[in-house]
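S.K.: no sequence on hand, only this structure:
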Ligand code: SF4
């Protein structure tokens, strides 16, 4: 129940980003398609501000959020790169075994960038292009 509620909040968050995109369009847009390598599901990178990594409570909170809400598991914390790396137990043979009910972070991955070009894995079928004016 709580997980459903928190996922609904995530959906609201993504909807707000789409709303902000209307007057302030992102500079980069996504191109391509999923090649089903599973690489993004095995290495889910969550970037956080540096203060999160300086606070044990904040680090635990972020970890809890992704473990509880999305049901991921923590693989490692790369504090120097300011990124948490999670894995997902629902990845089976490079395919999502809960595709219809996957969390919003998966439904919206990978997202375009407002200012900087988002990074994708080398083997990812998606890439980002700067929008032409
Ligand atoms: S829920 Fe599905 S799409 Fe999301 S990380 Fe897990 S396997 Fe990948």
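M.R.: That came in fine, so what should we check first? Values in this document were obtained by computation on a predicted structure and should not be read as measured data. Numbering: from 1, shown residues only.
S.K.: next, count neighbours for residue 35.
M.R.: Residues within reach of residue 35, counting by other CB atoms under 10 Å, total 12. All C-beta spots, glycine's among them, are computed from the backbone N, C-alpha and C.
S.K.: so how far is residue 94 from it?
M.R.: Computed as CB to CB, to the nearest Å, the residue 35 to residue 94 distance reads 9 Å.
S.K.: check residue 107 too.
M.R.: Distance of residue 107 to residue 94, computed by CB to CB: 18 Å.
S.K.: what of residue 65?
M.R.: 26 Å.
S.K.: what's the answer for residue 39, then?
M.R.: Residue 39 sits 9 Å away from residue 94, going by CB to CB.
S.K.: and these two? Which one has more around it.
M.R.: Set residue 39 next to residue 94 and count neighbours by other CB under 10 Å: residue 39 wins out with 15 against 12.
S.K.: tell me the contacts of that one?
M.R.: By CB atoms under 8 Å, 6 or more residues apart in numbering, the contact set of residue 39 is 121, 123-124.
S.K.: surely residue 67 touches residue 61?
M.R.: No: using CB atoms under 8 Å, residue 67 is not in contact with residue 61, being 10.8 Å away.
S.K.: what helices and strands are in contact with the longest helix along the chain?
M.R.: Across the chain, the longest stretch assigned as helix under DSSP state H is helix 2-21. Under the contact definition 3 or more CB pairs under 8 Å, 6 or more residues apart in numbering; DSSP states H and E, helix 2-21 sits against helix 56-68, helix 104-107.
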